[in-house]
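**Student:** Fold the stuff below for me.
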Amino acid sequence: METTVSVFDAVGGAETFRRLVDAFYRRVEQDARIRHLFPPDLEPGKEHQALFLMQYFGGPTFYTDQRGHPRLRMRHFPYAIGQVERDAWVGDMLEAIDEVGIAEPMRAKMRQYFEMAGTAMMNR
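**Tutor:** Purely as a prediction, here's the structure:
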């Protein structure tokens, strides 16, 4: 019987996802293309994103337990997200994946998700 290991477990669990989110938000802080889309205090968003990504990639359901269904499109709709913003967000996230050192094949799975999710959030 073959057991499937989640992306969450394969990349090192919560610690890796927290490092990923930290690396991403360091880029957001410096990225004039999207910094204005984020609140001045980035800490609450960092926590929400870390919990969401952990859950999405097979970790604990803390995000849903605390915040309910993710409703990503609804939560992002108030922000003008066009091609420039999508590309900036995705690019910053893909660079963060590389900085954290997530190896294949999980790197490709995560990159595929972020490319898809970035496009799905476009509303302009």
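
**Student:** V90 contacts M121, correct?
**Tutor:** No: with contact defined as C-beta atoms under 8 Å, V90 does not count as touching M121 (9.7 Å). For the C-beta atoms, the positions are set from N, CA and C on the backbone; glycine is no exception.

**Student:** Which helix or strand in this structure has the lowest average pLDDT?
**Tutor:** Lowest by mean pLDDT, DSSP states H and E among the helices and strands of the chain is helix 72-76, with a mean of 87.

**Student:** Please enumerate the helices of this structure.
**Tutor:** For the chain, applying DSSP state H gives helices covering 7-10, 14-30, 43-56, 62-67, 72-76, 83-100, 106-120.

**Student:** out of these, nearest to H36?
**Tutor:** helix 83-100 (9.5 Å; C-beta to C-beta).

**Student:** buried stuff in the closest one?
**Tutor:** By 16 or more other C-beta atoms under 10 Å, the buried positions in helix 83-100 come out as E85, R86, A88, W89, V90, G91, D92, M93, L94, A96, I97, V100.

**Student:** closest to Q66 among those?
**Tutor:** Among the buried residues of helix 83-100, and counting by C-beta to C-beta, the member closest to Q66 is M93, at 22.1 Å.
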